[in-house]
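J.: Prediction below, plus the sequence it came from.
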Amino acid sequence: KPVLVLLAPDAMMGSQMPEMRAANAASAFELHGPALRVFHRTVALLAKLGRDAAVLFRADELVLHGADDAHSTAMQFAFRRKFFRMTPIVAPNSNADADV
């Protein structure tokens, strides 16, 4: 079955050695089946809109933002925790918002 795993910025730092993969799993957004199809369609729609895109990793959601080349039109899609099969573990009282 197709699976997509997106790593939050803190997981992208450092080595991708096998021993690091377990630690990185705690910072991953994981999609399966129907959710993967919805996510794929969202990315395709944003790609049609223009070349400018941003991925925002937040404590409770993953946001995809896109704009056309003139920045006169923009779209934003927010995917909450329940959309994903697995989401990053967030410590209480953490300010985990990061723009990529």
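T.: Ah, there it is.

J.: List the buried residues of stretch 40-60.
T.: Counting neighbours by 16 or more other CB atoms under 10 Å, one finds that the buried residues in stretch 40-60 are 43, 46, 49-50, 55, 57-58. For glycine as for every other residue, the C-beta is placed from the backbone atoms N, C-alpha and C.

J.: Let's see which of these end up in strands.
T.: Among these, the ones falling in strands (DSSP state E) are 55, 57.

J.: Looking at the buried residues of stretch 40-60, which two lie furthest apart in space?
T.: The largest separation in these, counting by CB to CB, is between G50 and R58 at 22.8 Å.

J.: H65 versus F84, what's the distance?
T.: 18 Å (CB to CB, to the nearest Å).

J.: Comparing the two, which residue is more hemmed in?
T.: F84 (21 against 16; other CB atoms under 10 Å).

J.: For the more buried one, give me the pLDDT.
T.: Note for F84: predicted pLDDT of 86.

J.: Just confirm it contacts A35, I think it does.
T.: Yes - F84 lies in contact with A35 (CB atoms under 8 Å); the separation is 6.9 Å.

J.: ok so, going back, turn the buried residues of stretch 40-60 into a markdown table, columns for pLDDT and distance to A74.
T.: A markdown table is the format used below for the buried residues of stretch 40-60 (pLDDT from 0 to 100; distance: CB to CB, whole Å):
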| residue | pLDDT | distance to A74 |
| --- | --- | --- |
| V43 | 92 | 15 |
| L46 | 91 | 10 |
| L49 | 90 | 8 |
| G50 | 87 | 9 |
| V55 | 90 | 14 |
| F57 | 84 | 19 |
| R58 | 83 | 18 |
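
J.: Pipe the buried residues of stretch 40-60 into CSV and attach distance to R80 per row.
T.: Formatted as CSV, the buried residues of stretch 40-60 follow (distance: CB to CB, whole Å):
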residue, distance to R80
V43, 17
L46, 18
L49, 22
G50, 25
V55, 15
F57, 13
R58, 10
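
J.: and of the buried residues of stretch 40-60, the nearest to P88?
T.: F57 (7.7 Å).

J.: Having no further points to raise, I will conclude here.
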